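[1] My questions are about this predicted structure, shown below with the sequence.
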Amino acid sequence: MRIAMVGAGYVGLVSGACFAEFGVEVRVVDTDAARIAALREGRIPIYEPGLDRLVADNLRDRRLSFTTDLAAAVRGADAVFLAVGTPSRRGDGHADLSYVFAAAEQVARAAEDPLVLVTKSTVPVGTGRRVQELVRRVRPDLDIAVASNPEFLREGSAIGDFMRPDRVVIGTDSERAREVLRRLYRPLYLIETPIVATSIETAELIKYAANAFLAMKITFINEMADLCEAAGADVHDVARGIGLDGRIGRKFLHPGPGYGGSCFPKDTLALARTAQSLGAPARLVETTIAVNEARKARMAERVIAACGGSVAGLAIAVLGLTFKPETDDMRDAPSLAVVPRLVEAGARLRAFDPAGMENARALLPAAGIEYAAGALEAAQGADALVLLTEWNEFRALSPDRLRAAMRGDVVLDLRNVWDPAAMREAGFRYHSIGRP
Ligand code: UDX
């Protein structure tokens, strides 16, 4: 089998490399010539564990190739995947579909033989149908079947998620498209991965519903954490106590500073907008968005309160900047709400993140913040310390060494990575989320 993957971003690269690993011949296309040139040499523009190895192996075995020539990539392909970006449109929060439609049109124009056009990008319900109309209009002479095949990859564990998914969703009304996609995913039959075959509209909605539900689940436990703090209860025991009910499930009940990342904020907003415009408003989703935004903004106030009401002139260490560990991704990270507010309140920050500092520099204010080479260096002489991302190396820090490095004794652990008793024993005034 042979496929083209349009878009060498996160989804396109991971999916392309994984399909190649399945034995498919994959051509990844992008308009960014510098990116393609780097990829040809095996240099990966994103941080994703295991991806460099997978790309290098499949480049060497010639199952994977990179090009800027879309027409060449489409030639002879059984299927073409669209994995281009769908950012939030400025102003109204709707997903910006211009890249999807432009790519679909280019593919249709370049096609020489019947093919299956598969949307992997996250697109609002109704988009696949519009893509179908577009390709029919551009190429009435050619049988281009359209399908929706959403991805459910988590950054940091994307390869494992692709290779061992909970399910594969295939949305199409074309028998041929379904067959081609089933063949592409054949290696997953061995591990009995369920295939959910639906219409295009349903597949598109499954993706948004999944992300909105997960965002809601996190937001729910965050609210319970606040309640636990007020009531003197422990949110981890609440999470375990409810999560053992199979109807609820234990995952995604870890409290924190609010969810971020490239998907949840953007997709919940797009779903809320779609629901509004279809006259079926999704009030729970709308509330989730508002509660999460307010939470991220409130985290800085928590820090200020823990420092006695003012951080003016204080040195504050910040551990972790990315929206979660094992990624360099800063998109909608809680740090983007917390750090500027603390700087504005007069604090001097020294931050460390194992992978995100380069991206952080571009997004955070230049004044009032410096970057350290390690966690202990960031903590050196600090009056207070805030942990924003639960990188494993922070879990391993010794409370005593941390205490010895710092001048002050205030720690805000916004991911609950440390043991409260051990932190208190080391002499800290330790604050975490939803624990007495
Ligand atoms: C998510 C979905 O998991 C994935 O299926 C979808 O395709 C894309 O969006 P990702 O954004 O990579 O993946 O990260 P994820 O691990 O889901 O975390 C999202 C955010 O939620 C992070 O900010 C994380 O810190 C937060 N989170 C997650 C919590 O605060 N608590 C939890 O229990 C889980």
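    Yes, it's here.

[2] going forward, measure contacts between C-alpha atoms and count neighbours the same way
    Noted.

[3] elements contacting the helix of greatest length in the chain?
    Using DSSP state H, we find that the single longest helix of the chain is helix 200-231. Under the contact criterion of 3 or more CA pairs under 8 Å, 6 or more residues apart in numbering; DSSP states H and E, helix 200-231 touches helix 127-138, strand 144-148, strand 168-171, helix 235-243, helix 264-277, helix 283-306.

[4] does the closest residue to the ligand within the stretch 1-150 of the chain count as helix, strand or coil?
    Distances between the stretch 1-150 of the chain and the ligand by CA to the nearest ligand atom are smallest at P150, namely 8.2 Å. Here P150 is recorded as coil under DSSP: H, G, I helix; E, B strand; the rest coil.

[5] List the contacts of it.
    By CA atoms under 8 Å, 6 or more residues apart in numbering, the contact set of P150 is T119, K120, S121, T122, V169, I170, A203, E204, K207.

[6] Same check on T193?
    Applying CA under 8 Å, 6+ apart to T193 gives the contacts R164, P165, D166, R167, V168.

[7] How about L387?
    Contacts for L387 were tallied using CA under 8 Å, 6+ apart; they are V318, L319, G320, V411, L412, D413, L414, R415.

[8] The first one pairs with what?
    In this case it means V318. V318 has these beta-bridge partners by DSSP bridges: A351, V386.

[9] Next, count neighbours for it.
    28 (other CA atoms under 10 Å).

[10] That one touches F352, doesn't it?
    Yes. Judged on CA atoms under 8 Å, V318 makes contact with F352 at a distance of 6.4 Å.

[11] Overlap in contacts, the two.
    Common neighbours of V318 and F352 (CA under 8 Å, 6+ apart) are A378.

[12] Identify the residues contacting L414.
    If a contact means CA under 8 Å, 6+ apart, then L414 has G256, P257, V386, L387, L388, T389, S432, I433 as its contacts.

[13] Can you turn the buried part of those into a PyMOL selection?
    If you want just the buried ones from these in PyMOL, going by 16 or more other CA atoms under 10 Å, the selection is:
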select buried, resi 256+257+386+387+388+389+432+433
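
[14] Adding secondary structure and distance to the ligand as columns, could you present the contacts of L414 in TSV?
    Formatted as TSV, the contacts of L414 follow (DSSP: H, G, I helix; E, B strand; the rest coil; distance: CA to the nearest ligand atom, whole Å):
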residue	secondary structure	distance to the ligand
G256	coil	5
P257	coil	7
V386	strand	15
L387	strand	12
L388	coil	9
T389	coil	7
S432	coil	14
I433	coil	11
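
[15] Let's have the contacts of L414 in a markdown table, adding pLDDT.
    Converted to a markdown table, the contacts of L414 look like this (pLDDT from 0 to 100):
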| residue | pLDDT |
| --- | --- |
| G256 | 98 |
| P257 | 98 |
| V386 | 98 |
| L387 | 98 |
| L388 | 98 |
| T389 | 98 |
| S432 | 98 |
| I433 | 98 |
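
[16] any idea which of the contacts of L414 is closest to I3?
    Of all the contacts of L414, I3 sits closest to T389, with 37.2 Å by CA to CA.

[17] Distance check, the closest residue to that closest one other than its chain neighbours against the ligand.
    Spatial nearest neighbour of T389, chain neighbours left out: G320 (4.4 Å); criterion: CA to CA, 6 or more residues apart in numbering. G320 sits 11 Å away from the ligand when distances are taken as CA to the nearest ligand atom, to the nearest Å.

[18] near the ligand, which residues of the chain show up?
    Counting by CA under 6 Å from any ligand atom, the chain comes close to the ligand at 151-155, 218, 252-256, 258-264, 323-324.

[19] Show the buried residues in those residues.
    Applying 16+ other CA under 10 Å to the residues of the chain next to the ligand, the neighbour count classes 151-153, 155, 218, 253-256, 258-261, 263-264, 323-324 as buried.

[20] Partner strands of the one helix or strand Y430 maps to and their direction?
    Element membership of Y430 [criterion: DSSP states H and E] is strand 429-431. Applying DSSP bridges, strand 429-431 is found paired with strand 410-413 (parallel).

[21] Check which element follows the partner strand along the chain.
    helix 420-425.

[22] Distance from the chain centre to stretch 361-380, please.
    With CA atoms, centre = their mean, to the nearest Å as the basis, stretch 361-380 stands 23 Å off its chain's centre.

[23] how does the chain divide into domains?
    What automatic domain parsing lists as the domains of the chain is 2-198, 208-291, 295-431.
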